[in-house]
Each structure stands twice: as structure tokens, then as C-alpha cells.
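Participant: coordinates only, sequence not included:
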């Protein structure tokens, strides 16, 4: 009798238990800053308090996000310096691309659900700025499109800019030992963005992108002329300060990108 | 006046599928017992020197015939049988079986006044079908394989009781009857044979395949399902070893199970795909006579890899004569099998050859193989026997690999398709592989004085190539010194060649202490392996290798010594066990020791090369580095046996096991981190009869702890060391054997968890249910004056939802395989249906990261993958037997 009870108990416990965590899908969205007003230009002062401070009014700001990933661990030095994909570190992802209107505070949902696991918590996020596969060099998808004006001391500079990350960004090292040290995928992945997110069965992931941080240390006075106005160049061979810094700001894992879990 | 004497022979439970119990009475002819003048001469009748058991013919099996056959034979002056006549017939097939057997007997010739003379004697045979259970559950302590005082089964007996000893009779009938007597004298009978190691308790399964051979099985590995708790999957293709799950272990392709055939190891030490990789496809299922599965490390004879347990195949061929069998059916499958068992030889003498081909049940699943094997068993006078076994095997196959569940659900790929043939992940070189194996083994089993001695030598050459791709396009790391490249593809190209020399031997000393028979066995096992293995990655576009990940030349040694006591404390209490110690030696030459250097030469950068000849700042070094080490493991094992008492046997066992390390982990003088296994179990077994049905039933509770478990890594393509794990569970098994059916069923429940987190170990099934059924009978009609025979069989497998990583559970596996056969005279026509219900099931399911380029961006979180189980297959078989006893 006791043995029968033991067998019955084993039968019950043998089908329960877990390997840990839970695989879930979740809603994911991206938006501009909370203080933006949908349909309205975004006005701000770049580099407030510095001599580079300009009154910037953005009338267009669109960013193409190719994918978003959440990682359980920070990248470490060594081979990961050049490896774009680090298997066994990811626990959340949104793999469908989205053109995000950075002037809208409204969450703009990604076309497909995100996928992930509830354990452990994510401490790092990645934003992939690509229109195609991360290691394809010839991608011409516009990643960032901006339009607006910058004014300072009566100097008004209407500007436009389109940034792509493709063959135009390839720089081959002259050091024969480092010819592969800077693959195109590294230029497209913005990481490590610090986060503290535990995916849950309810709620959604929100990526906020504040375009103000695109213009840190951007000297509008040095903007090259472009058509009737001025423009940020998309040519890596032209190293004007505004274009270079805009590109670097785009890829900086700083305040431009913030993630939060919205219950 | 007639002189006659008698003897009785006890036939073993190990025989192929039934028990032949025969009682032999030898009657001297009246003619030579009388001499003119009425004086009583000094006459000594002939005595049996060696005898061969009669083979119960399959044709009689269907109707479970009991019959007596009496032969009158002439024993010539040199002791051979020169003439045979049937004095009393039991039917043509049984007569022939008796004649075939008796012609192999040898005698000490009769003597008159000390001179050999020819003689004429009568020998009755009694044929009885099997009623004993087809498994050896337990013997009375101390009576496992030598039965000097065991009463022979009397003529007319239905067979030996299930608790009786089991031994393959080698045929010594010792004492002859006294001569010159008018009364028959019962001869003392001693039966010797290849000993079965004493049972280690309820988890020691000595399985005779018997009628359950009719249940459809694709290969010899599937015979393991006769033992409880076995799940077999295969993601690698038909020529790839089955992945075995046993009692909560993911034993992979043999890494955690010690496999052997006729005592010859199957596990490939140092195989890069998995240390201990064991491919049993070279074994032709029809030549498997019996199978011993020990679930747990409880027998000191168990060596390396016996973590979850061990399985030893014994080869034999019951059907004598020449048999040809042809199979043809679904998926372009054809199989031609030729079997030959000389009628005058024992069942362990045979030759077999097989050719097989299939297009496979979906994309990229074609396979072909050929196998030839032969075994000869000869006699060593009256002391024992020897065997020589040779096997040759080769296969070439393709594999569909895994399918992502999301791709299947979005109809980017079909259930039975392969990424290798899709537009987005096309491979120039497809997944698959090939394998070869050639082996030769010789052994002898004899007695020197009172010591029973066994000795075996073997040599094995094997090779394999495996090309799996679990991850698609994910793992091609861009290194700073390499030219810029995209993901080139993750297909592995693993190549392996191994040469194994080895031996094993034992000596068993009997004795009497406490008035009980005791045994002490000393034994050894030794093998040396020379292994060359490499693993490269292939470009998807052209199949060119672009990186070498591993290139090892290894010399491995394993010498194990054991002592095993079989101690009988009382008539109902036995203690079996001892200790085993293994010395593992490694000498590994890493031919690609340096694959990355952070400060390479500026003038001679390594570029895309894999195996570098420079170190920091470009200093020269050779590309290789040799490492060697050795370690010893000491493994106590013991079983306490109570009974049998009223058909019940109670056992408690403790054992420690060991798994040696993969050579790829070896560094100089490393204290090799063997996985240490501790197993405990308690069980009860019942063996008896319910009316005419032989019943065997077992109930076993077990727990096994592994301090460093192996966990499969899809990214590495092989097992990697993990944390400690514990498995706790219960096994129930029954086998019922009647005159017209054979039924085996087992259920295993197990919880397998990590010690630190108590989370479940992924992939190991926690519920496995298996049923094998065969029914057989004469049909109620005749054709051409001969009865037709019919048989039906079914194999049912149920596997519960297996735990997968990240809290997931797999789908249930539920399959039914069935067969029907119609036999007439020497012909047999069969219909085999696999997956009778045509369930679309997933044989294997996995959660891991892959990128097969079905989406623009890779899925980098683990997602569900699966390997498809085969849909319904229908196959026809036709077999003809010529020149056999049936």
C-alpha cells in the first residue's frame, strides 16, 4: 500500500517541475520622448549651457530600428569585441523592423510580438540599426532621417540629414593584424545599453528614443551646405564635425535609448 | 538382457526463445550385452563426452508442441555417431532437430574387455516449448551457471522454473553410467556454459528477445526498449547512433551507457562527437540472441561509461539452415538479409549479411548500409567452448537536421523538410555522414581445475564522419585578424578514426563456506585506443572548410581490475558485489593548439588561418601541443539479495560509476574531472507461473547522483560539463509468456533535477511507457497439406511531455508499430506497419538559439526546434528458410 502510494506520488511529481523560467511573448513598442507632442515639432536647446547650444526645432525625426535584444550579461573583452552575436546571452528579442517617429510620444508597436524568457532579468539591451541582415555590408536602408532648423544668435540653419550604415561606413584598417576588427555589424549594434528589466507575461516593452541626444556636441555652425540649406552628410570620407558627431551619437549607448517595462 | 543407463540434461533459460528440456536415456542394445556361454563379460557402455542441445524448431513453436523422439544411433569405435535411425517419431521437424543435434554428440566408445567396440544405443528426446519467463530475474544465490546438484528437468516437464539457473549449455555430460548393469542408472549431470554474471537485483535485465522479435524494430538499439525507461531519438540520420534516454539520463549516443556485443566494447573512447559514442547499427537485429541491460552501475564488471547503466548484446541465430529475407516498402526502402546457421553447429555459430537502402521519409533522409557478420563457436573438449566473431559494417546517409517550430508554423518549411534544401539556408554539402566498423573478437570459456576461466581478445577499427548543423548561421565569429566576412555557415564536419585493441578476462573460484556454495571472481578489462579526430566548419555556399575547431591525435588507455564476490550467507540471503578500479590514461596531441593570438605578427599576420604557428608578438611556435595525464577511479558496488522466497526476490543495491573525460578537455597533468556516479535502489521481483502463463514482474525505486553531469550544447555540437544532478524514480516492468503470446510492458517515472537549483534537467523524459506484444498460433486451415502459421505483434511507446529549457515542455510521443506474418512450410510473408496511427509526432524537441536565415534578423533567444518522427510506413517482407530444422 505504501509502495503504491509512493508510485502514485512519483507519478504526480514526475510530470511537474520546471527547468526554470518561462517562455513568453510580449508587446513591444518604441516612441519619442514623453514630452513630445504628436504631430508637433520638437523644440529644444542642444548642449544647453555650452557654447555649442543651439535652439533646435525638429520637424522630422525618424529612426529605423531593425531589432531589439535584451541580454542577461554584459559583453566581456576578448573575442566578443568583434563578435556581433553572442549566443547564450540573449533572453528577449523583437526582430521585426520599425520606423519610429521620434516626435511622437505615443508608443508605436513593433509589427510582431517580442519573444523572451522570464528568467533571469536583463541587464543589457541592444538596438540594431539595420534594414537587412546585420552582417550584410550593402544595406542602404535609411536609418535616421531628420529635418529641422537650428538657430543661435540670429543664425538660422535649416537642415536635413539621412544616415545609412552600409558600405559607406566601412573602414578597413591599415594594420594587417586588425583588418577584421571593425566589422559592419559592430557599427549597427548599439550596446551595451544598461537596463534592469524582468520580462513578464503581462505588460509591454517600451523603447524610448529621445532625439535631443542626437545632437550632443554637434556644432551646427559647421554644417555643410546642402541644396538650399544645410545637411548632415552620409559619406564617411567627409569628416565634418556635425555629421561625424551625429553618427556617433546615433550609435552611442547613452541616454538616447531607454527601455522600460510597462506593466 | 539389456544394459541401459540414463542421464538428464538441463537446458538453459538463455536459449533462444524457448526451453528445451530433454531427458536422455541411453539404452544399450541387447546384442552386445550378451556373450556366448552366458558369462558376463567386462562390458562398459558408451558414455556421452559432449552433447549439443536439440534446437526446438520454430515450426513446432507456433502450436507449442510437446513431443518425444527416440533415436537409435550407432556409436563407432572412435566415439562418433555413424548411423541414426528414428525409433519413435515426434513429427518430421522434431525428428530432424533431434538428428541434427545427436550427430554432433561425441562419446567415450563402449568397451568390451577394455577394447573399444561399436555400439547401438537409443536416445530419447523430449521437446517442450517455452513456459519459463524469457528473462532471468533471479537465481538462488550461488546457482547461477553451474548446476552440479541441480536436478535436471524430467522428461515431460514444461520447462524450468523461472527462478532456476540460466546457462547456455556447452554440453558436458559428465559421468557415464556404470557398465554391466541391468538397471538404468541416472547419470550425474553437469551443465557448463557461458556464465551469466550473477544478477545484481531487480534492475538487472537479462532479456531473451524470443517471440518479441516479431515487434517491428529498425535496428538493434531498439531492442533496448525491452528494458524499462528507454527513449530513443535520432536527429543525426539513419547511420547515426541513436540518442538514448534511460531512467532520467540523457545518455546521448552512448556516452552514459556502456555498450558491448559479446563482451566486445561498442563505445568509442575519445570520439569527438561524444566520448563513448556507441553506434549499434552494425548489429543485425536478427542475430541478437539475448540482451542484458543493467540499469545502474551495480556490477563490478561494468566499466567506463556505465553511468546510467550498461547493455550487452549476445549474438546467436536460432533458425538453422539458410534464410533469405527481403523487405520492400514505403520511402523506397529495401532490405535484403541473408542468414546461415549450419545445422550441425550450435546457435552461436552463424553467418549473416545485410544490404539496406532507403530514400527516407522526407527531404535529405536517404541512407544505405551493408553489414556482414559471422561467429563460430567451437568446443574445447569437455571443458568449455571458444568463439570467434567478425563483423564488417559500412553506411552512408543524409540527415534532415532540426526544424524551427516557428518556421514550420509559418509554413516556411515543411514538417519533414530540411533546411539544407531551402532557398534561404541552402547547403552545398548536406547534413549526414558515413561510418565504418570492422571488428574481430576471439574468446574462450573453460575450466582449469575448479577455476572457471574466461578470456577474450578483440580488435576494432572504426571510422565516422558526421556533418550536423544545429544552428544555421550563428557561430562564425569575426576575429580581428580575419578578413571581413559574413556568417559563412555553422555546419560541422567531424571526422573520426579509431583503432582499439583490448582484452578482458576473469577467473572464478568456487568454495563452500557456512555450508553454502560461494564464488569469488577476479577479472580485468583493458583497452587501448588510438584516435584521430577533427572538426571543421563548412561554408554553406561551397562546402569548403573555413575553420578548424579541433584536431586531436589521442592515445587512450583504460585498465580496470575487479573482484566480485557471490556470497551465499544462507539459502535465502546472498551478497554480491565487490570493487572495481580503473586507471584511465590520456596522451593527447592537439594538432591545432593555438587558434587565436591577441598580438599577432604584423609582418606575418595569421589572417584566416585556424591553426596558428605563432604566439604573442609573432613569436614562432609549433601548431601542436601534447598533453598527458592519468587518473584512477575506485568503484565499490554491492547488492543484497533476499530470496527467492515464494517466487519473490528482494534486492537492495549500491554502486558507483565513472565516465572518463573527453580528450578535448585534457591538459598536461590535469586532475581529470571524472564524473562520479552514486546509485542506490531497492526492488522486488516476482517470477512464477499463473496457470500456464509465466510471469515476471518487478518494482524498483532508485536514486542516482552525478556530481558533474554532461549537458548537451547545440552550439558546441556535443556535450559539455555541467553541474551535479540527482535522479529519483520508480520502474515497474512485467513480462507474461504463454503458449500463444508474449507480452512485455514497463513504466518508468523519474524526476531528474540539478542539485543546486532543484530545477529539472532538460530533455530527460520523466514518464516512459512501453509495451511489446506478440501472439502466434497455427491458423485454422491448411495449404497443400501443411498448416499455416500466423503471428501478430505490436509495440507501443508513450513518452510524456519532456522538460525543455526555459520552463518549456515537449509534445507527447505516442506511437504504435505493428506486424502480421503468415508462415507456411519454409516460407514466411510479413506485413510491417510503423507508426500505425500515422501520428505526426516529434521524435526530438529542443530549445536553443539558431539562425537559419528565415527572417531578416536572427532569433537569438532559444526557440523550439524539433526533429520529425517518421510517418506511417508500410513494408512487406518475404522470407524463405532452406536446409534448416524447420
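Facilitator: Thanks, I have the structure now. Predicted model only: the values in this text are computed from it and were never measured. Numbers count the residues shown, from 1 in each chain, chains lettered A, B, ... in the order given.

Participant: which element is the most centrally placed residue in chain A on?
Facilitator: With distances taken as C-alpha atoms, centre = their mean, residue A:127 lies nearest the centre of chain A, 3.0 Å away. Secondary structure from DSSP states H and E places residue A:127 in strand A:122-128.

Participant: what ranges do the strands span in the stretch 401-550 of chain B?
Facilitator: Secondary structure of the stretch 401-550 of chain B (DSSP state E, counting those that start in this stretch): strands at B:403-404, B:432-448, B:451-467, B:491-513, B:516-538, B:545-568.

Participant: can you check the stretch 101-250 of chain B too?
Facilitator: Counting by DSSP E, counting those that start in this stretch, the strands of the stretch 101-250 of chain B are B:106-108, B:110-112, B:115-117, B:119-127, B:135-136, B:167-169, B:186-187, B:193-195, B:204-208, B:230-233, B:243-246, B:249-250.

Participant: still on that earlier bit, residue A:235: which of the strands of the stretch 401-550 of chain B is closest?
Facilitator: Checking the strands of the stretch 401-550 of chain B against residue A:235 by C-beta to C-beta gives strand B:545-568 as the closest, at 32.9 Å. Every residue, glycine included, has its C-beta placed from N, CA and C.

Participant: What residues sit buried inside that closest one?
Facilitator: Buried residues in strand B:545-568, counted by 16 or more other C-beta atoms under 10 Å in any protein chain shown: B:546-560, B:562, B:564-568.

Participant: What of stretch B:823-833?
Facilitator: B:823-826, B:828, B:830, B:832-833.

Participant: One more: stretch B:515-531?
Facilitator: B:516-519, B:521, B:523, B:525, B:527-531.

Participant: number of nearby residues for residue B:470?
Facilitator: 24 (other C-beta atoms under 10 Å in any protein chain shown).

Participant: got it, and residue B:615?
Facilitator: Counted with other C-beta under 10 Å, residue B:615 comes out at 14.

Participant: With adjacent residues omitted, what lies nearest to it?
Facilitator: Once flanking residues are discounted, residue B:615 sits nearest to residue B:621: 4.9 Å by C-beta to C-beta, 6 or more residues apart in numbering or on different chains.

Participant: For the residue lying closest to residue A:231 once chain neighbours are set aside, pull up the helix or strand it's in.
Facilitator: Closest residue to residue A:231 apart from its sequence neighbours, by C-beta to C-beta, 6+ apart: residue A:160 at 4.9 Å. Here residue A:160 sits within strand A:155-164, counting by DSSP H and E.

Participant: Just checking: what are the partner strands of that strand?
Facilitator: Using DSSP bridges, strand A:155-164 pairs in its sheet with strand A:142-152 (antiparallel), strand A:229-232 (parallel).

Participant: Distance to residue B:342 and mean pLDDT added to those, as TSV?
Facilitator: Shown next, in TSV, are those (distance: least, C-beta to C-beta, whole Å; pLDDT from 0 to 100):
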stretch	distance to residue B:342	mean pLDDT
strand A:142-152	79	95
strand A:229-232	90	91
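
Participant: Residue B:341: which of the ones you listed is closest?
Facilitator: Short answer: strand A:142-152, nearest of those by C-beta to C-beta, at 75.3 Å.
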